[in-house]
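Asker: When you get a sec, could you give me coordinates for this:
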Amino acid sequence: MKRWIPFVKSPPTVAVIRLAGVIASGGRGALNDETLAPIIEKAFKRGKPAAVALVINSPGGSPVQSSLIGARIRRLADENDIPVYAFVEDVAASGGYWLAAAADEIWADENSIIGSIGVISAGFGAHVFLNRQGFERRVHTAGKSKSMMDPFQKEKPEDVKRLKSLLSDIHENFIAHVKARRGSKLADEDLFTGEIWVGRAAIENGLIDGIAHIMPKMREIYGEKVQFRRYGTKRGVMQRLGMSFVQDALTGIEERAEYARYGL
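Answerer: From the prediction side, this is the model:
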């Protein structure tokens with residue numbers, strides 16, 4: 001009730017948004033703009049917070065969803081004149097770092113993994129197996145590029161060239177985003193090879209601003225009485241009742257594979 005008493009100043013509030021998991025357009029528990037939009041909007045607009053803090057633990061994922069989420073955060077920050085701080089837990093890599101770069105400042109643990117500013121496309125080829133088993137692959141298209149990178153056909157050099165061109169375009173967009181957000185903080189060396197750094201090495205390269213955890217850092221900036229209002233995705237009824245075991249198991253395997261790329 002203190003906030004309603006005239007002439008009594010309430011302590012500042014920091015809205016905390018947790019962004020943990022793989023970034024993808026679909027899948028239970030995945031980070032995407034559709035799911036996060038109402039959460040992010042509420043965090044910026046409810047009660048005029050002094051700042052918004054992003055708690056990030058993501059190995060990356062969809063570049064489109066990363067861009068959409070990051071753009072929404074920046075738009076709301078600019079419209080409401082609210083500073084944004086990112087705090088990295090285990091990892092902010094690839095799309096996870098895209099989200100972190102949407103903040104005005106990035107802080108991490110000494111052991112946090114940062115970077116992987118690159119783009120990857122992975123698949124498999126099963127044409128040899130099919131041939132050995134006597135299967136014949138039949139594909140009919142209207143448009144010579146419609147069956148690009150078909151895993152059941154032998155890899156075509158022209159498809160690889162075309163795919164690399166697409167990946168290069170996305171990579172350039174990623175680089176432009178990081179440069180626009182980090183600017184002169186970045187070191188002169190090439191930081192956009194997909195390499196990762198840990199803690200203090202990330203500071204030296206300008207990818208983060210320092211080593212800090214959310215509560216002490218926010219208290220340092222906004223005072224010991226600062227309050228935290230936390231926002232995040234909620235589990236559905238089926239998840240809470242433990243009735244989505246198979247889907248959760250499959251999603252968990254995919255997510256673990258993403259984290260495993262960084263030794264986590």
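Asker: contacts, neighbours, all on C-alpha from now
Answerer: Fine.
Asker: So which residue is smack in the middle of the chain?
Answerer: The chain has residue 96 as the residue nearest its centroid, 2.8 Å off, counting by Cα atoms, centre = their mean.
Asker: these two touch, right, that one and residue 54?
Answerer: No: with contacts counted by Cα atoms under 8 Å, residue 96 stays clear of residue 54, the gap being 11.1 Å.
Asker: May I see the buried residues of the one helix or strand residue 179 maps to?
Answerer: Using DSSP states H and E, residue 179 maps to helix 157-182. Buried positions in helix 157-182, judged by neighbour count with 16 or more other Cα atoms under 10 Å: 170-171, 174-175, 177-178, 181-182.
Asker: Name the nearest of those residues relative to residue 92.
Answerer: Minimum distance to residue 92 across those is 13.1 Å, recorded for residue 178 (Cα to Cα).
Asker: measure that closest one to residue 211 for me?
Answerer: Taking Cα to Cα, to the nearest Å as the measure, residue 178 falls 19 Å from residue 211.
Asker: Could you list the low-pLDDT ranges of the stretch 101-250 of the chain?
Answerer: Within the stretch 101-250 of the chain, the segments meeting pLDDT under 70 span 120-156, 159, 234-250.
Asker: Do you have the helices of the stretch 1-150 of the chain handy? List them.
Answerer: For the stretch 1-150 of the chain, applying DSSP state H, counting those that start in this stretch gives helices covering 33-45, 63-80, 95-100, 127-132.
Asker: who does the longest strand anywhere in the chain touch, helix- and strand-wise?
Answerer: Scanning the chain for the longest strand, with DSSP state E as the assignment, gives strand 84-93. If you count contacts as 3 or more Cα pairs under 8 Å, 6 or more residues apart in numbering; DSSP states H and E, strand 84-93 packs onto strand 51-58, helix 95-100, strand 105-108, strand 113-115.
Asker: Pipe these into CSV and attach distance to residue 20 per row.
Answerer: As requested, the helices and strands packed on strand 84-93 are arranged in CSV below (distance: least, Cα to Cα, whole Å):
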stretch, distance to residue 20
strand 51-58, 5
helix 95-100, 9
strand 105-108, 14
strand 113-115, 14
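Asker: what's in contact with stretch 191-206?
Answerer: 93-94, 108-119, 175, 182, 185-187, 189, 208-211 (Cα atoms under 8 Å, 6 or more residues apart in numbering).
Asker: ugh, wrong one, I meant stretch 106-119
Answerer: With Cα under 8 Å, 6+ apart as the criterion, stretch 106-119 contacts 85-94, 97, 100, 167-168, 170-171, 174-175, 191-200, 202, 207-213, 262.
Asker: Now, of those, which are buried?
Answerer: Taking 16+ other Cα under 10 Å as the criterion, what is buried in the contacts of stretch 106-119 is 85-94, 97, 100, 170-171, 174-175, 191-192, 196-200, 202, 207-213.
Asker: How many neighbouring residues does residue 223 have?
Answerer: 13 (other Cα atoms under 10 Å).
Asker: Check the gap between the closest residue to residue 57 other than its chain neighbours and residue 185 for me.
Answerer: With Cα to Cα, 6 or more residues apart in numbering as the criterion, residue 57 has its nearest non-adjacent residue at 4.6 Å, and that residue is residue 20. To residue 185, residue 20 is 26 Å away according to Cα to Cα.
Asker: And these two? Which one has more around it.
Answerer: With neighbours defined as other Cα under 10 Å, residue 20 and residue 185 compare such that residue 20 has more, 24 against 15.
Asker: what residues are up against the more buried one?
Answerer: Listed by Cα under 8 Å, 6+ apart, the contact partners of residue 20 are 31, 55-58.
Asker: same thing with residue 85?
Answerer: Listed by Cα under 8 Å, 6+ apart, the contact partners of residue 85 are 51-54, 103-107.
Asker: what do you get if the cut-off is 6 Å, keeping everything else the same?
Answerer: Taking Cα atoms under 6 Å, 6 or more residues apart in numbering, we find residue 85 in contact with 53, 103-106.
Asker: ok, it to residue 98 distance?
Answerer: 13 Å.
Asker: Is it correct that residue 60 is in contact with residue 95?
Answerer: Yes: shown here, residue 60 and residue 95 form a contact pair, counting by Cα atoms under 6 Å, at 3.8 Å.
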